[in-house]
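Sequence below, structure please.
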Amino acid sequence: FHTNTQLQQTLPHTIMVKKESSLRNLMTTTKREPSLRNLMTTKKESSLRNLVSNIGTGINNKREQLRELRKQGSIKNMVANMQNNKKVRATIQTCQLHPNPDYEELGCLHFKYAGDSMEQAMAEAIATDRPIMIVFQELPGCRTCLKFGQDVLSHPLIVEAAETLFVPIVVNNRGITPGDSSVLDFYREPRLNNPVVRFVSGKTGKDISARVSDGNWTVGALAKSMVEALEPKVQEKNLYLDLLSKEESARDRKLEATFAMSCFWVGEVEFADLNGVLGTKAGWIGNHEVVRVTYDPEIISYANLVKAAIEKDIASTIFCETDAERTEAEETMAAVAATATHQSQSSSLVQQLQQNDVFRGDGDPKHALRGTTLRYVPLTALQAAKANRCISRGEALESLSPRQLVLFRAYTDKWMNNKTIDMEETVDVPIMEAWTTVK
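Model (predicted):
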């Protein structure tokens, strides 16, 4: 009983102690759990932060690498563009015209030889299989001599032909040096004379084309004599010189005719096909799209021009300036209308130009040509007409000189590198004026 009584007294105390101990453990555990959670959360967050940081560092490193590669690529492109632009500039400089530093009478033509070096010139002519071009000029000279230098010996195509297809020599017809006197005597040229140009064989020294003199100091006369002096195979490769001869020789006799059609871009291309057409201009008369054609009447008559225009369907209306033209156009129309192919054509296509029928040039002439960088290359009117036709039909540009082709390629390279060209267009601008813009 006593033992039971003690057990009864001590048991509650033991139970209470155990309860207290459990409560303390529970409280301790409860307190620890948030700490554990926090610790785990902290570790996770730290790991995530490290992971994100590492990813960010990797991305930044990649970005830096990409930036570096881009910089290197940009530098390479920049260097390449600079080198290309340098080449383009050097190429263009070879085509620029520079006045002769010694005498205005020699224009922009630079001579390697004079009368004292005639033998060396003949040796070079034989070695290169080129004729000799002898320019007899009074240095310094009179107004005629100056004009010949400014107008003829400064024409870009004459200069190019003289420097590349011939061996040019200048002889001062004052006969100051023994060499000049010797050449003057050999060719029986008078001293203190107006300009004379002769083309002679390098082997024999004899004339191989017409002597340019006696008031015929023109680009046309000189170009014609140049063509005559060249071998046929050389002429074929340098068609530009023959075109220049035809265009300039007809300067004082050329005429104009005006035709309306559905599209003057087509008209310009079709008229450029005709032998004797020297140039075309697209424009408007009233509401009509027209092409004004410049032609050489010695090569193609007005009647044949009208006939060709009708057959090519580029003459919905023929504008006549005189009664004679109207009569000729109507007669041609009647003859063409009688053929089976053009039964529908009638004389109603002929119209007399009135005072208020003013020709207005279009803002986009030579449409095919202007679609290329050839619009910056100086051309003669005939060259432009031929080139516009060739580009329209995808044909070779045979009407251009080698230097003009060099400019065309250089401007194309410049456009490809920079997507811009800081120059004015030269379409329908006279070639000597346009060549001053070559830069």
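
nearest spatial neighbour of the residue minimising distance to the centre of the chain, skipping sequence neighbours?
In the chain, the residue lying closest to the centroid (Cα atoms, centre = their mean) is Leu374, at 2.9 Å. Using Cβ to Cβ, 6 or more residues apart in numbering and skipping the chain neighbours, the partner closest in space to Leu374 is Phe408 (5.5 Å). C-beta here means a position set from N, CA and C on the backbone, and glycine is covered the same way.

I'd like to know how far that neighbour sits from Glu163.
For Phe408, the distance to Glu163 equals 19 Å [Cβ to Cβ, to the nearest Å].

Equivalent analysis for Gln150, please.
18 Å.

now Thr258, what's its secondary structure?
strand (DSSP: H, G, I helix; E, B strand; the rest coil).

who does it bridge with?
Arg292, Phe319 (DSSP bridges).

wait, what's in contact with it?
Counting by Cβ atoms under 8 Å, 6 or more residues apart in numbering, Thr258 touches Ile285, Val290, Val291, Arg292, Val293, Ile318, Phe319, Glu321, Leu353, Phe359.

Low-confidence stretches in the stretch 1-150 of the chain?
1-56, 58, 62, 65-66, 68-90 (pLDDT under 70).

what ranges do the helices span in the stretch 251-400 of the chain?
264-271, 302-311, 323-337, 367-370, 381-393 (DSSP state H, counting those that start in this stretch).

Show me which residues of the helix or strand hosting the residue nearest to Leu374 are buried.
Using DSSP states H and E, Phe408 sits in helix 402-418. For helix 402-418, the neighbour count (16 or more other Cβ atoms under 10 Å) marks Arg403, Gln404, Val406, Leu407, Phe408, Ala410, Tyr411, Thr412, Asp413, Lys414, Asn417 as buried.

same for that helix, what does it pack against?
Applying 3 or more Cβ pairs under 8 Å, 6 or more residues apart in numbering; DSSP states H and E, one finds that helix 402-418 contacts helix 2-93, helix 156-165.

what's the distance between it and the middle of its chain?
If you compare the mean C-alpha spot of helix 402-418 with that of the full chain, they lie 6 Å apart, counting by Cα atoms, centre = their mean, to the nearest Å.

heads up, I number from 28, so please use that
Yes, from this point I'll number from 28; that puts the last item at helix 429-445.

low-scoring stretches of the stretch 278-427 of the chain, by residue?
367-375, 379-383.

Please repeat the previous calculation with a cut-off of 90.
Residues of the stretch 278-427 of the chain that meet the criterion pLDDT under 90 lie in 313-314, 342-343, 348-350, 357, 359-385, 389-391, 423.

pLDDT-wise, what's the bottom of the buried residues of helix 429-445?
By pLDDT, Asn444 ranks lowest within the buried residues of helix 429-445, coming in at 78.

Return the distance of Ser240 relative to Leu270.
For Ser240, the distance to Leu270 - Cβ to Cβ - is 24 Å.

Kindly report the same for Leu406.
Distance from Leu406 to Leu270, by Cβ to Cβ: 10 Å.

Comparing the two, which shows the higher neighbour count?
Leu406 (29 against 24; other Cβ atoms under 10 Å).

Neighbours of Arg387, how many?
Arg387, neighbours per other Cβ under 10 Å, totals 10.

ok, now how distant is the nearest residue in space to it that is not next to it in sequence from Ala412?
Among residues not flanking Arg387 along the chain, Trp311 sits closest, at 4.7 Å (Cβ to Cβ, 6+ apart). For Trp311, the distance to Ala412 (Cβ to Cβ) stands at 19 Å.

Arg319 too?
Counting by Cβ to Cβ - Arg319 and Ala412 are separated by 12 Å.

Tell me which of these two has more neighbours.
When Arg319 and Ala412 are compared on other Cβ under 10 Å, the one with more neighbours turns out to be Ala412, at 29 against 21.

who's in contact with the more buried one?
With Cβ under 8 Å, 6+ apart, Ala412 has these contacts: Glu295, Phe298, Ala299, Val304, Leu305, Gly306, Thr307, Lys393.

Might one say that Phe175 is in contact with Trp244?
Yes: with contacts counted by Cβ atoms under 8 Å, Phe175 reaches Trp244, the gap being 4.8 Å.

Touching both of these two, which residues are there?
With Cβ under 8 Å, 6+ apart as the test, Phe175 and Trp244 both reach Asn221, Pro222.

if you count what's nearby, which of those two comes out ahead?
Phe175 (26 against 20).

Next, the residues that contact the helix holding Phe435 from outside, please.
Against helix 429-445 from outside (Cβ under 8 Å, 6+ apart): 108, 111-112, 114-115, 118-119, 121-122, 183, 187, 191, 267, 399-401, 403-406, 410, 424, 427, 448, 450, 465.

Using CSV, write out every CA atom in that helix.
Only the C-alpha atoms of helix 429-445 are listed here, as CSV (Å, rounded to 0.1, in the frame of the first residue of the first chain):
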residue,chain,number,x,y,z
PRO,A,429,37.7,52.7,-123.1
ARG,A,430,38.0,55.6,-120.7
GLN,A,431,34.2,56.0,-120.6
LEU,A,432,33.9,52.3,-119.8
VAL,A,433,36.4,52.8,-117.0
LEU,A,434,34.3,55.6,-115.6
PHE,A,435,31.2,53.5,-115.9
ARG,A,436,32.8,50.6,-113.9
ALA,A,437,34.4,53.0,-111.4
TYR,A,438,31.1,54.8,-110.7
THR,A,439,29.3,51.4,-110.4
ASP,A,440,31.9,50.2,-107.9
LYS,A,441,31.5,53.5,-106.0
TRP,A,442,27.8,53.0,-105.9
MET,A,443,28.1,49.4,-104.7
ASN,A,444,30.5,50.5,-101.9
ASN,A,445,28.7,53.7,-100.7
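
Next, the angle from it to helix 183-192.
110 degrees (axes from the mean of the first three to the mean of the last three Cα atoms, to 10 degrees).
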